[in-house]
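Chemist: can you look at this prediction? I've put the sequence above it.
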Amino acid sequence: MIDLHVHSNCSDGSFTPRELVEYALNHDITAFALTDHDTVAGLDEAIACARELSGKVCEQNPEGKTVEVVPGIEFSTEYEGRDVHIVGLFIDYKSEVFRKHISDFVASRENRNEKMCALLREHGVDITYEQLKAAFPGAVITRAHYARFLLENGYVKSMNEAFDRYVGDHAPCFIPREKVTPLQAVDLILAAGGVPVLAHPVLYGMSSARLEKLVSVLTDAGLVALEAIYSSYTNADTQGMQTLARRYGLLISGGSDFHGSNKPGLSFGTGYGSLYLHESILEALRNAAGK
């Protein structure tokens, strides 16, 4: 079993990178891509843990199984007023140019987070950016962290209420973050020796013509794959995305988009129960990366 779209608590998941590796070893997941939002902070830990435990019979790996961690990232970009996500697989995440761009993204996030905390204080929430970082050490702060903070401190009764009342797209304390374009994300992933993938295209709610235009533009820019297998897709969605990928000569990718407890009911490796990626999908993507 493989899963090429997974998040840790270095962005908005609830599992640590190590916990993801240990879970994979105990649930027949032979390879997964750690694709945290706009950060590679968890990759060293996940890759080191996989090397430490793979093939070793121990408490964390009683059957001595092996797991491969594919170094990845998921960039949040904007296209014609919509959020569009580009996943990078097999990236050289230690490249100096790549890390410089990541640092710029972090600086942009921090500026936006300071402003959002100020708005929340204006709406009666006792919060500072320092408190938020202390509550979620090491994480790249996203709106899911704000929602969790609001829930755990009694301001709301559910994560959904936190988004509706405070930090959702149309809520009073939301500030849009500066985003790169999908074209820029594709360029950056290619420059880092990686494979750019258009993530969960069905979720963008675009018309067929508009989505096809996006795929065409990105393919011309160097897009390599399209996420045609995804947790929430129907059979018709999967078939439609596979057809679209073939039309543009793109490879297939896919994954659960696992976030741990932040996406209840969605499992690592199997999504909502029927997710399955054949090993040949990983091999084709690896070959595209030349690795």
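Modeler: Ah, there it is. Residues are numbered from 1 along each chain as shown.
Chemist: list the strands paired with the helix or strand hosting residue 33, with their directions.
Modeler: Assigned by DSSP states H and E, residue 33 falls within strand 31-34. Strand 31-34 has the following strand partners under DSSP bridges: strand 2-6 (parallel), strand 68-79 (parallel).
Chemist: pick the most deeply packed of those strands.
Modeler: Of the strands paired with strand 31-34, the one with the most neighbours on average (mean count of other Cβ atoms under 10 Å) is strand 2-6, at a mean of 28. For glycine as for every other residue, the C-beta is placed from the backbone atoms N, C-alpha and C.
Chemist: for the spatially closest residue to residue 31 that is not a sequence neighbour, give me its contacts.
Modeler: Here the nearest residue to residue 31 in space, its sequence neighbours aside, is residue 68; by Cβ to Cβ, 6 or more residues apart in numbering that works out to 4.0 Å. The contact partners of residue 68, by Cβ atoms under 8 Å, 6 or more residues apart in numbering, come to 30, 31, 32, 50.
Chemist: now do residue 123
Modeler: The neighbours of residue 123, taking Cβ under 8 Å, 6+ apart as the test, are 166, 172, 173.
Chemist: now the residues you listed in a markdown table, with neighbour count?
Modeler: As requested, the contacts of residue 123 are exported to a markdown table (neighbours: other Cβ atoms under 10 Å):
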| residue | neighbour count |
| --- | --- |
| 166 | 22 |
| 172 | 12 |
| 173 | 23 |
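Chemist: tell me which of those residues is nearest to residue 278?
Modeler: residue 166 (42.1 Å; Cβ to Cβ).
Chemist: ok, that closest one to residue 153 distance?
Modeler: The span separating residue 166 from residue 153 equals 12 Å under the rule Cβ to Cβ, to the nearest Å.
Chemist: which neighbours do those two share?
Modeler: Shared between the contact lists of residue 166 and residue 153 (criterion: Cβ under 8 Å, 6+ apart) are residues residue 125.
Chemist: in the longest helix seen in the chain, what counts as buried?
Modeler: The helix of greatest length in the chain, counted in residues with DSSP state H as the criterion, is given as helix 96-122. For helix 96-122, the buried set under the neighbour-count rule, 16 or more other Cβ atoms under 10 Å, comprises 98, 101, 102, 105, 109, 112, 113, 116, 117, 119, 120.
Chemist: quick one, helices of the stretch 151-291 of the chain?
Modeler: For the stretch 151-291 of the chain, the helices defined by DSSP state H, counting those that start in this stretch cover 159-162, 182-191, 208-221, 235-247, 279-289.
Chemist: which of those helices sits most buried?
Modeler: Among the helices of the stretch 151-291 of the chain, highest average neighbours (mean count of other Cβ under 10 Å) belong to helix 182-191, with a mean of 20.
Chemist: what's the average pLDDT for that one?
Modeler: Helix 182-191 shows a mean pLDDT of 94.
Chemist: does residue 231 touch residue 257 like I think?
Modeler: Yes. Assessed by Cβ atoms under 8 Å, residue 231 is found in contact with residue 257 at 5.8 Å.
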